[in-house]
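Chemist: got a sequence here, can you build the structure:
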Amino acid sequence: MAKPLLPDELWERIEPLLPEPPPQPDGGRPRLEYRSVLTGILFVLKTGIAWEDLPCEMGCGSGMTCWRRLRDWQEEGVWDALVRVLLDELRGADRIDFSRAAIDSASSRAMGGGEKTGPNPTDRRKPGSKRHVVTDGNGLPLNTTLTAANRNDITQLLPLLDETPPIAGKPGHPRHRPDLVYADRGYDSDKHRQALREPGIEPHLTRRQIEHGSGLGVHRWVAERALSWLHQFRRLKTRYDRRDDIQEAFLLLAQAVIRFRALDWDYC
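Modeler: Presented below is the predicted three-dimensional model:
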């Protein structure tokens, strides 16, 4: 039996974050239930189909209705709030390992171009986007950023760490900085090593001059796995949305699903 796209346990975390539906004093067609709309959004994210191809028999409304809700909830910060809620729960359950972090990136084709796209140097300069991720020691994504495919990885090293939300879930101050950071040759920079050391983060960035086989891949591979998890959502593997806010909303929602899986293994 197929698992539900939006199980009750995940919906219970999302529902309080959604805005109240606007009143309809003049009547009109009843608004579609938010849970049905979100189910349609998740179906598009997972399968990668076009909005207009969303099956009517699913009862999720039209693809344009789902698109508008995704856009509006992104503007209102619903997905940012959801990922914070799940991160707090993960830390409270001792599922986040701050002893080390890993950073990596992966590119995908952007069909038709759009915001935050650029010529991909690894794909014959076709339009593409790049997703950058920082994970904890277990490989759970803590933060992601979206850039054009021709942006250097090093430009996102500090933003990934600085923009990771403070994670509560335990007594004391929230935490978002790991003890160590691992990254490959694309992040080799003495300037950035010094910037990491200032707040107390020990950098382990592979140097370009040394031969392969540094041994740091033993710790870096979890970031590659996190990127593969993200690309299991086909709407991220190939980008069809010209607007970057829609792509970033999908990226946040995919992270939320991955984090929920870490809390509820029955959903995996």
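
Chemist: hang on, isn't Tyr187 packed against Asp153?
Modeler: Yes. Judged on C-beta atoms under 8 Å, Tyr187 makes contact with Asp153 at a distance of 5.7 Å. From N, CA and C alone the C-beta is placed, and that goes for glycine too.

Chemist: residue boundaries of the strands in this structure?
Modeler: For the chain, the strands defined by DSSP state E occupy 101-109, 118-119, 127-136, 141-148, 180-183, 202-205.

Chemist: partners of the shortest one in the sheet?
Modeler: Strand pairing for strand 118-119, determined by DSSP bridges: strand 127-136 (antiparallel).

Chemist: just want the angle from the strand it pairs with to strand 101-109.
Modeler: 160 degrees (axes from the mean of the first three to the mean of the last three C-alpha atoms, to 10 degrees).

Chemist: how far off centre is strand 127-136?
Modeler: The gap between where strand 127-136 is centred and where its chain is centred comes out at 9 Å by C-alpha atoms, centre = their mean, to the nearest Å.

Chemist: cool, and stretch 80-100?
Modeler: On the basis of C-alpha atoms, centre = their mean, stretch 80-100 sits 14 Å off its chain's mean C-alpha point.

Chemist: list the buried ones in it?
Modeler: Residues 80-91, 95-98, 100 are the ones in stretch 80-100 that count as buried (16 or more other C-beta atoms under 10 Å).

Chemist: ditto for stretch 257-266
Modeler: 257-260, 262-263.

Chemist: now these as JSON lines including distance to Trp73?
Modeler: What follows is the buried residues of stretch 257-266, written out as JSON lines (distance: C-beta to C-beta, whole Å):
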{"residue": "Val257", "distance to Trp73": "15"}
{"residue": "Ile258", "distance to Trp73": "19"}
{"residue": "Arg259", "distance to Trp73": "17"}
{"residue": "Phe260", "distance to Trp73": "17"}
{"residue": "Ala262", "distance to Trp73": "23"}
{"residue": "Leu263", "distance to Trp73": "21"}
